[in-house]
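[1] this is a predicted model, with the sequence first.
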There are 4 protein chains.
Amino acid sequence: MDHLMRDVRAFAEARDWQQFHTPKNLAMALAGEVGELLAEFQWLTPQQAAEVMSDPEAGARVKAEIGDVMIYLTRLADVLDIDLVEAALTKLDEVATRYPAAEARGSAAKR
Amino acid sequence: MDHLMRDVRAFAEARDWQQFHTPKNLAMALAGEVGELLAEFQWLTPQQAAEVMSDPEAGARVKAEIGDVMIYLTRLADVLDIDLVEAALTKLDEVATRYPAAEARGSAAKR
Amino acid sequence: MDHLMRDVRAFAEARDWQQFHTPKNLAMALAGEVGELLAEFQWLTPQQAAEVMSDPEAGARVKAEIGDVMIYLTRLADVLDIDLVEAALTKLDEVATRYPAAEARGSAAKR
Amino acid sequence: MDHLMRDVRAFAEARDWQQFHTPKNLAMALAGEVGELLAEFQWLTPQQAAEVMSDPEAGARVKAEIGDVMIYLTRLADVLDIDLVEAALTKLDEVATRYPAAEARGSAAKR
């Protein structure tokens, strides 16, 4: 994870792209990549979507799009000086408190 | 990172939420969280966005939204059996080839 | 449609919000609202999603989110001086040429 | 507007695409197109974004992406039997009440 963050940063610096990598721009780029990921799934049935990785071509595209999303998320967190894994673990703790397992079991109702 | 993946998986299983965590649903949830992240930045000037983490309230919200995005991205990758960091590193290699540093320096032009 | 565009513009001007309504900011806000719309559908089964409008509460939320998306799309088009309906009709013509009915029948394959 | 809705519906029916045009799938497709729209703006400075329509190539791409977004939004509203313009006007009324002009003037603070 640290390795990835440093590689993405070095990639950007080698191209003098820090000027483009503002929080607003990176958030937009992240959303754009998530849009491409959605496009891979949008016309699939739930069954087809569940089996997408067993199709070599579609599976490769999904993996590449997930990679793109992760690259921009890593870069955005780096620029904001946020530890991605720690932010997720902290948030997971909060959500676990809001949705106790006994009460939330089997229900997608929002709290 | 593995720790996070296992925690998110255990969180879902403890609530019997695997039934909701299909690839299509998780991709939608990921996009929904990215939308909330965008909302934190949308009316900020570039300058305000660059300084967002020095505002305790806005900074906490941004960190929480980034945590949410990371949680769903981790869960989606887990369900698809994709290694998130490896997918990003592989994609970064491809992008590095497509945008050689010498040619791409200081330019955001798409290839 | 023209009526809506003028109402949204008047709404923004009455609040001196033109300063926030730049193309980048409006595109982000549009994506944020689409994210909220996705959130309404993300955990529903295809069957539940198809019947969402017959649930008074969920139906009202979906309608409100669609309204939000339309407001920002209308505002973005206005700021860019794009005729929304004309842009859609022009694009539909292009897509119709790319996907001839006889060949595209029943297939979601991308071209 | 009604004309567009009927044209989009006829386009889908001529290709037997109603099977793909479920609310979940259309919401995903809408988000995908918004992602492509964001991608047009993501690396532009605010100044460049404000002038994007005076660049023939970028302007044509932005208009085409806006057209795509409008096509899917129109189709989604049609499938859900929602009047797009009425939904936006209704929501605009609600927002006008929540953000009275006198109090909201010049402020992007959320309520």
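    Nice, I can see it.

[2] CA atoms for contacts and neighbours, from now on please.
    Will do.

[3] for chain A, what lies in contact range of chain D?
    Residues of chain A found near chain D (C-alpha under 8 Å from any C-alpha of the partner chain) are A:20, A:25-26, A:28-29, A:31-39, A:42-43.

[4] just those that are near chain B?
    Restricting the residues of chain A next to chain D to those touching chain B (C-alpha under 8 Å from any C-alpha) yields A:20, A:28, A:31, A:34-35, A:37-38, A:42.

[5] narrow these to those in helices?
    Judged by DSSP state H, those include A:28, A:31, A:34-35, A:37-38 as members of helices.

[6] dump those residues into CSV; add neighbour count and pLDDT as well.
    CSV is the format used below for these (neighbours: other C-alpha atoms under 10 Å in any protein chain shown; pLDDT from 0 to 100):
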residue, neighbour count, pLDDT
A:Met28, 32, 98
A:Ala31, 35, 98
A:Val34, 27, 98
A:Gly35, 29, 98
A:Leu37, 28, 98
A:Leu38, 30, 98
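
[7] does chain C sit close to the longest helix seen in chain A?
    In chain A, assigned by DSSP H, the helix with the most residues is helix A:56-79. No. Remark: helix A:56-79 sits outside contact range of chain C, by C-alpha under 8 Å from any C-alpha, the gap being at least 11.7 Å.

[8] buried ones in that helix?
    The neighbour-count check on helix A:56-79 (16 or more other C-alpha atoms under 10 Å in any protein chain shown) flags A:58-59, A:61-79 as buried.

[9] restrict those to those near chain B?
    Under the cut-off given by C-alpha under 8 Å from any C-alpha, chain B has A:63-64, A:66-68, A:70-71, A:73, A:77 from the buried residues of helix A:56-79 close to it.

[10] so which bits of the least confident helix or strand in chain A by mean pLDDT are buried?
    When the helices and strands of chain A are scored by mean pLDDT, DSSP states H and E, helix A:101-104 comes last with a mean of 93. Neighbour-count burial for helix A:101-104, counted by 16+ other C-alpha under 10 Å, picks out A:101, A:104.

[11] for that helix, name the packing helices and strands.
    Under the contact criterion of 3 or more C-alpha pairs under 8 Å, 6 or more residues apart in numbering or on different chains; DSSP states H and E, helix A:101-104 touches no helix or strand at all.

[12] ok now it, how far from the chain's centre?
    Distance of helix A:101-104 from the chain centroid (C-alpha atoms, centre = their mean, to the nearest Å) equals 27 Å.

[13] run the chain-centre distance for stretch A:95-108.
    That offset, for stretch A:95-108, works out to 23 Å (C-alpha atoms, centre = their mean).

[14] if you could redo that for stretch A:71-85, that was the one I meant.
    11 Å.

[15] let me see the contact set for A:Met1.
    A:Met1 makes contact with B:1, B:85, according to C-alpha atoms under 8 Å, 6 or more residues apart in numbering or on different chains.

[16] and it, how close does it get to B:Asp78?
    Distance, A:Met1 to B:Asp78, by C-alpha to C-alpha, to the nearest Å: 16 Å.

[17] now do A:Leu38
    According to C-alpha to C-alpha, A:Leu38 stands 17 Å off from B:Asp78.

[18] same deal with A:Ala60?
    As judged by C-alpha to C-alpha, A:Ala60 and B:Asp78 stand 16 Å apart.

[19] likewise A:Ala96?
    Distance, A:Ala96 to B:Asp78, by C-alpha to C-alpha: 19 Å.

[20] in contact with the closest residue to A:Arg61 other than its chain neighbours, which residues?
    In space, and not counting its chain neighbours, A:Arg61 is closest to A:Glu40: 7.6 Å by C-alpha to C-alpha, 6 or more residues apart in numbering or on different chains. Shown in contact with A:Glu40 (C-alpha under 8 Å, 6+ apart): A:58, A:61-62.

[21] which one of those residues is nearest A:Ala87?
    Proximity of the contacts of A:Glu40 to A:Ala87 was ranked by C-alpha to C-alpha; the top entry is A:Val62 with 24.8 Å.

[22] hmm, that closest one is touching A:Leu37, no?
    Yes. A:Val62 lies in contact with A:Leu37 (C-alpha atoms under 8 Å); the separation is 6.6 Å.
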